[in-house]
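Chemist: Here is a sequence together with a model predicted from it:
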Amino acid sequence: MTNFMLIHGSYQGGWIWQPVATRLRAQGHQVYAPSLDGCGERAGQVRPGITTESQAAEIAQLLFYEDLRDVVLVGTSSGGMVMAKAAEIARERVGRLVFADALALQHGETVSGIVKRPSAINNGLALGPSREDVEGRLFVDLEPDVRAWAVERYTLHPVAVHTEPVQLESFWSQSWEASVIYCRQAVNPGEAHQRRCAEALGARWHELDTGHYPMLSTPDDLTQLIQGG
């Protein structure tokens, strides 16, 4: 039995991992897929001060309070940065890292500096695309029933996670067992960005011929890669 912590990305919540979590649990694993602060069902709690670092600290606290060890952390999209910071904070509890088409910023970089995509909505606390953009671009490659299910659940994302420089003082200087899963049909974060991550960590490289949401489009294949490392 393995402990898995699945960390979602922008405009998502823990809900997006439901297909993968169900498969992992069916195989006897313990799976956590929390919604990050200000996201998913917690979007109504959005407020100033939510950053990559504060979200990561919450994940690290969850690892502590559940007394989890040798955990496989899986991060997707901007959740890759939350995963990296949480791993830095709780190094002794982490067994393996999986970057699933995830951002992997160096210390001081910003999400908005890597992903050049305008946000139709920005209310000062949270930002994101319009519902029409989510349906017609973000989730366009999903099967119609899955797309409709996901569109109903997307939420805006805390602004500072995208705009403030990430703080990773020691992550990239440490040794990690890691893998990088690149989704060939995804525009962002792109192959070059993810190869940079794989090379910096000496990580195993995998590819899926799908878009940016493999947990919804190819959950069987993604689950297999997550398990196998």
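Modeler: Sure thing, it's come through.

Chemist: could you say what helices and strands the one helix or strand residue 61 maps to packs with?
Modeler: Assigned by DSSP states H and E, residue 61 falls within helix 52-65. Under the contact criterion of 3 or more CB pairs under 8 Å, 6 or more residues apart in numbering; DSSP states H and E, helix 52-65 touches strand 3-7, helix 79-89, helix 159-163. The C-beta positions use only the backbone N, C-alpha and C, and glycine is treated the same way.

Chemist: So which of the ones you listed is nearest residue 67?
Modeler: Nearest of these to residue 67, taken as CB to CB: strand 3-7 at 10.1 Å.

Chemist: Quick check: what element follows the helix holding residue 61 along the chain?
Modeler: Using DSSP H and E, the helix or strand that follows helix 52-65 in sequence is strand 71-77.

Chemist: Could I get the average pLDDT for that next one?
Modeler: In this model, strand 71-77 has an average pLDDT of 98.

Chemist: That one pairs with which strands?
Modeler: strand 3-7 (parallel), strand 94-102 (parallel) (DSSP bridges).

Chemist: Give me the contacts around it.
Modeler: Identification of contacts with strand 71-77 by CB atoms under 8 Å, 6 or more residues apart in numbering yields 2-10, 12, 16, 63, 81-84, 86-87, 93-103, 189, 212, 215, 226.

Chemist: from the chain's centre, how far out does that strand sit?
Modeler: Offset of strand 71-77 from its chain centre (CA atoms, centre = their mean, to the nearest Å): 6 Å.

Chemist: quick check: angle from that strand to helix 79-89?
Modeler: On the basis of axes from the mean of the first three to the mean of the last three CA atoms, to 10 degrees, strand 71-77 is oriented at 150 degrees to helix 79-89.

Chemist: Export strand 71-77 to CSV, keeping only CA atoms.
Modeler: C-alpha atoms of strand 71-77 as CSV (Å, rounded to 0.1, in the frame of the first residue of the first chain):
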residue,chain,number,x,y,z
VAL,A,71,4.5,9.7,0.2
VAL,A,72,4.2,9.9,-3.6
LEU,A,73,3.4,13.5,-4.4
VAL,A,74,1.7,14.1,-7.8
GLY,A,75,1.3,17.6,-9.1
THR,A,76,-0.3,18.9,-12.3
SER,A,77,-0.2,22.3,-14.0
